[in-house]
Every structure is written in C-alpha cells, then in structure tokens.
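> Any chance you could fold what I've pasted below:
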Amino acid sequence: MADALTEANSGTTPVREGYGFDQRALEAWMEHYVAGFGGPLTVEQFKGGQSNPTYKLATPARNYVLRRKPPGDLLPGAHAVDREAKVQSVLGKAGFPVATIHGLCADEAVIGTMFYVMDMVEGRIFWDNTFPQVSREQRPAYFDAMNAAMARLHSFDPEAIGLGGYGKPGNYFARQIGRWSKQYLADDLAGRNEDMGALVAWLPDNIPPGDETSVVHGDMRCDNMIFHPSEPRVLAVLDWELSTLGHPLADFAYHTMMYRMPSSIVPGLASADLAVLNIPSEADYVATYCARTGRQTIANYEFYIAFNLFRLAAIFHGIKGRVLRGTAASAQAADRAKNFPLLARMARESMEACA
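Below you'll find the model as predicted:
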C-alpha cells in the first residue's frame with residue numbers, strides 16, 4: 001500500500017488540463033520579484049491532491065514551488081494562499097522549518113489567480129505512518145523529529161512573532177464544535193447517524209476547563225513534512241492551508257490520531273505491531289510531547305481525540321452528501337463516504353472513554 005501511495009502522490013506530471021497559465025508572464029514576474037532568478041523556466045504540476053494547485057518551477061540553477069488559488073468560482077475565504085505565505089514567512093524568520101517564501105502575487109492578471117513562490121526543499125516525504133522505507137533502528141528518531149516539530153510550533157507566542165491577528169483567540173472548541181455540528185445537521189441527504197447525534201449533544205457540554213492559544217497547523221501528518229534525504233530531521237512542514245490560531249492540544253491530538261487510524265481510511269497504526277516496527281507507543285509519544293512543552297500530562301486526552309474524530313467524521317459526512325448528489329464522483333470520495341460510519345463510531349468510543 002505504501003508503494004502505491006508513494007507512486008500516486010510523489011513527483012510531477014505535465015500541467016493538467018484546466019490548470020495551465022501564461023508561463024512567460026510568470027517568468028517576467030519572477031525576474032522582477034525573486035532574487036537570483038534566471039530562466040528559462042520549465043513548469044510541471046505535482047501529483048499530490050492539494051486543493052491549492054501546486055507546481056514545480058525548474059530553472060538551470062535551482063527549483064522553486066508555486067502554489068496558487070485554483071481557477072474558477074471559489075467560496076469566500078477559501079484557498080487563502082496569502083495566509084499560507086504569511087504564516088510560513090513569519091515562522092521561517094522565527095526559526096521553524098518551512099520553505100523560504102520568495103514572494104506573493106495578489107495581481108490575478110499575471111497567471112489568473114493569486115499565487116506565491118517558495119523554495120523547493122529537496123528531501124523525503126513518507127506517505128505511510130509505519131515509515132516502511134526507514135530501518136527499524138532509525139524509526140524512533142523519525143517519530144521524535146515529528147514530535148519535536150509539533151512541540152516547537154506550539155511553543156511560539158503568536159503576538160510575539162507577529163501572528164497575533166492570524167485567527168480568533170480563545171473558545172476554539174466551542175467554535176469548532178458549533179461549526180461542524182451545523183454542517184452535519186444541515187445535510188439531510190447524507191442522513192443521520194446515532195453516534196454523530198450523541199457527539200453533537202455531548203461535546204459542547206464537556207469541553208475541558210482552561211484555554212490556550214497557539215499557532216496550529218491543522219493537518220500535521222507525516223506526509224505534510226519533508227525530511228532530510230538521509231537523516232531523521234524535518235526540513236520543512238508543508239500545506240498550511242488549515243493553519244490558524246487555535247488550541248495546541250487539538251492540533252496535537254489530530255496528529256496522534258495516526259495511532260488510531262485503520263488502514264481502510266489512511267495508512268495508520270491501528271493494526272500495526274509497534275514493538276516489531278520499533279515505533280514508540282501512543283502513551284510514550286504523548287509523554288514526549290508533554291516533556292517538551294512543560295506539561296505533566298494531558299488531562300482529558302480522549303476528549304481531544306473524540307473532537308478530532310468527530311470533526312473528521314463531519315467532513316466525511318459532507319463528502320457522502322456530495323457523492324449522493326453526484327458532485328464528488330471520484331473513487332476516493334466514495335471510499336471516504338463509506339468510512340463515515342466507522343469514524344463516527346470511533347469518535348463515540350473516545351467520547352465514552354472520557355466518562
């Protein structure tokens with residue numbers, strides 16, 4: 001499965017139909033705004049299924065990456081590549097591992113949509129949480145590198161580094177639970193689910209006491225990190241589309257869901273023999289994060305897992321609705337729709353574990 005995932009998502013293809021643009025106009029923009037740029041320029045599109053189309057820009061001297069808003073009519077506030085460029089630029093200056101941003105272009109006349117250009121970081125991306133391409137002896141170091149990246153991200157004071165206005169501080173869970181409950185309840189065609197109903201009722205009344213705000217990535221998975229070509233070191237964290245100000249434990253629990261995920265949804269660790277693979281246990285991984293962030297433990301950890309599984313289940317419920325309406329006919333969308341009840345059941349089990 002890992003090989004198939006790697007093949008499906010790694011590398012580039014010729015620019016897909018409907019996603020092309022005026023390469024000469026881009027080259028002229030880069031000559032003006034990207035220091036050290038020199039053509040000629042060759043453009044290919046990355047295979048990965050980003051919602052913001054992503055391209056490899058090759059030149060004789062070095063390679064770059066371009067991310068743009070997709071063409072066509074878009075929902076207000078969606079595909080905010082300007083936010084992606086901002087958070088990476090600020091975090092890079094603060095010493096966090098991200099690609100260097102060379103420039104943001106808000107002028108849609110150049111290639112048709114807003115875009116930004118950043119360095120292309122050369123390294124390894126792992127699409128399977130078991131890290132099958134890594135030796136048994138080295139796996140703990142790769143997990144430790146992911147853990148360190150999460151802890152480092154959550155250590156920044158948003159105000160101090162210039163991201164104080166990057167999102168709404170406080171009440172993160174209440175706002176998120178309300179948003180996803182509303183979306184779930186609004187889609188009658190996708191149907192009701194007893195487990196989701198229980199979660200919609202229980203979650204708002206059981207938000208843990210205390211509040212924290214940090215920069216959160218929102219989708220921190222192993223395949224959103226570029227590792228050094230031969231060392232267990234994170235060179236850059238990718239795909240900041242969902243980043244905002246939020247609760248760090250929500251972000252961390254989303255990341256640790258890799259331990260709960262069955263292979264039918266993503267290549268998770270639910271059925272993996274962690275001892276044989278030499279992968280740290282979920283409890284040890286959580287303890288390491290706690291040590292790095294000055295926590296004794298994470299009280300109410302299962303609530304944070306239940307919340308993230310609920311959020312993901314609500315997203316899959318929405319996909320199910322689009323499949324039934326015929327507006328999301330891909331095989332991947334259909335598979336996700338089928339997995340909605342499983343995610344809802346997993347979320348409820350974590351909810352019940354809180355009692």
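
> Would you mind naming the residues that bridge with Thr42?
Counting by DSSP bridges, Thr42 is bridged to Ala58.

> Identify the residues contacting it.
For Thr42, the contact set (Cβ atoms under 8 Å, 6 or more residues apart in numbering) comprises Leu57, Ala58, Thr59. (Each C-beta comes from the backbone N, C-alpha and C, glycine too.)

> most neighbours, which of those?
Leu57 (23 neighbours; other Cβ atoms under 10 Å).

> Just give the closest residue to that residue, not the sequence neighbours.
Tyr64 (4.2 Å; Cβ to Cβ, 6 or more residues apart in numbering).

> again, but for Glu44
Using Cβ to Cβ, 6+ apart, the nearest residue to Glu44 is Thr12, at 3.8 Å.

> Also Asn63?
In space, Asn63 is closest to Met120, 4.0 Å off (Cβ to Cβ, 6+ apart).

> So what's the residue count around that neighbour?
For Met120, using other Cβ under 10 Å, the count is 17.

> pretty sure it is in contact with Tyr55, am I right?
No - counting by Cβ atoms under 8 Å, Met120 stays clear of Tyr55, with 10.1 Å between them.

> where are the low-confidence patches of the stretch 151-300 of the chain?
Filtered on pLDDT under 70, the stretch 151-300 of the chain yields no residues whatsoever.

> Can you tell me the element the most centrally placed residue in the chain falls in?
Centre of the chain computed as the mean C-alpha position; nearest residue by Cα atoms, centre = their mean is Asp219, 2.4 Å away. Here Asp219 is covered by no helix or strand, with elements defined by DSSP states H and E.

> Could I get the full set of strands for the stretch 101-250 of the chain?
101-105, 115-119, 214-216, 225-227, 234-237, 244-246 (DSSP state E, counting those that start in this stretch).

> so which of the ones you listed comes closest to Arg295?
Closest to Arg295 of these is strand 214-216 (Cβ to Cβ; 12.9 Å).

> Tell me where the longest helix sits in the protein.
Using DSSP state H, we find that the single longest helix of the chain is helix 301-325.

> Please state the offset of that one from the chain centre?
Centre-to-centre, helix 301-325 and its host chain are 15 Å apart (Cα atoms, centre = their mean, to the nearest Å).

> what comes up buried for that helix?
301-323 (16 or more other Cβ atoms under 10 Å).

> Stretch 223-230 too?
Neighbour-count burial for stretch 223-230 [16+ other Cβ under 10 Å]: Asp223, Asn224, Met225, Ile226, Phe227.

> Switch those over to JSON lines; also include distance to Ala80.
Formatted as JSON lines, those follow (distance: Cβ to Cβ, whole Å):
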{"residue": "Asp223", "distance to Ala80": "22"}
{"residue": "Asn224", "distance to Ala80": "17"}
{"residue": "Met225", "distance to Ala80": "21"}
{"residue": "Ile226", "distance to Ala80": "22"}
{"residue": "Phe227", "distance to Ala80": "27"}
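
> which one of those residues sits closest to Ala291?
Met225 (20.7 Å).

> beta partners of the closest one?
Val237.

> Report the contact partners of it.
Ile125, Phe126, Met146, Ala149, Val234, Ala236, Val237, Leu238.

> doesn't Arg221 make contact with the third one?
Spelled out, that is Met146. No - at 9.1 Å, Met146 does not count as touching Arg221 under the criterion of Cβ under 8 Å.

> Now do the shared contacts for the two.
His255.

> When those two are compared, which one has more neighbours?
Between Met146 and Arg221, counting by other Cβ under 10 Å, Met146 is the more crowded of the two (24 against 20).

> show me what contacts the more buried one?
Met220, Cys222, Met225, Val234, His255.

> list residues touching both of Met120 and Tyr55?
Val65.

> now the contacts of Thr42 in JSON lines, with distance to Ile279 and pLDDT?
JSON lines is the format used below for those (distance: Cβ to Cβ, whole Å; pLDDT from 0 to 100):
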{"residue": "Leu57", "distance to Ile279": "36", "pLDDT": "96"}
{"residue": "Ala58", "distance to Ile279": "36", "pLDDT": "95"}
{"residue": "Thr59", "distance to Ile279": "39", "pLDDT": "94"}
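
> of all those, which comes closest to Val98?
Nearest member of the contacts of Thr42 to Val98, counting by Cβ to Cβ, is Leu57, at 17.7 Å.

> how close does that closest one get to Glu122?
14 Å (Cβ to Cβ, to the nearest Å).

> Find residues that contact each of these two.
Asn63.

> tell me the domain boundaries of the protein?
As assigned by automatic domain parsing, the chain contains the domains 2-119, 139-353.

> which of those domains sits most buried?
Of all the domains of the chain, domain 139-353 has the most neighbours on average by mean count of other Cβ atoms under 10 Å, namely a mean of 18.

> mind checking how far that domain is from the chain centre?
9 Å.

> re the thing from before, list the helices and strands the longest helix of the chain packs on?
Packing contacts for helix 301-325, counted by 3 or more Cβ pairs under 8 Å, 6 or more residues apart in numbering; DSSP states H and E, involve helix 172-186, helix 194-202, helix 248-256, helix 331-353.

> Please export the C-alpha coordinates of the longest one as PDB.
The reference is to helix 331-353. Taking Å, rounded to 0.1, in the frame of the first residue of the first chain, the C-alpha atoms of helix 331-353 are listed here in PDB:
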ATOM      1  CA  ALA A 331     -13.400   6.700  -6.200                       C
ATOM      2  CA  GLN A 332     -11.600   8.300  -3.300                       C
ATOM      3  CA  ALA A 333     -14.600  10.300  -2.400                       C
ATOM      4  CA  ALA A 334     -16.800   7.200  -2.500                       C
ATOM      5  CA  ASP A 335     -14.400   5.400  -0.200                       C
ATOM      6  CA  ARG A 336     -14.400   8.200   2.300                       C
ATOM      7  CA  ALA A 337     -18.200   8.300   2.300                       C
ATOM      8  CA  LYS A 338     -18.300   4.600   3.100                       C
ATOM      9  CA  ASN A 339     -15.900   5.100   6.000                       C
ATOM     10  CA  PHE A 340     -18.100   7.900   7.600                       C
ATOM     11  CA  PRO A 341     -19.900   5.400  10.000                       C
ATOM     12  CA  LEU A 342     -16.600   3.900  11.200                       C
ATOM     13  CA  LEU A 343     -15.200   7.400  12.000                       C
ATOM     14  CA  ALA A 344     -18.400   8.300  13.800                       C
ATOM     15  CA  ARG A 345     -18.200   5.100  15.800                       C
ATOM     16  CA  MET A 346     -14.600   5.700  16.700                       C
ATOM     17  CA  ALA A 347     -15.400   9.200  17.800                       C
ATOM     18  CA  ARG A 348     -18.200   7.900  20.100                       C
ATOM     19  CA  GLU A 349     -15.900   5.300  21.600                       C
ATOM     20  CA  SER A 350     -13.400   8.000  22.500                       C
ATOM     21  CA  MET A 351     -16.300  10.100  23.900                       C
ATOM     22  CA  GLU A 352     -17.400   7.100  26.100                       C
ATOM     23  CA  ALA A 353     -13.800   6.600  27.200                       C
END
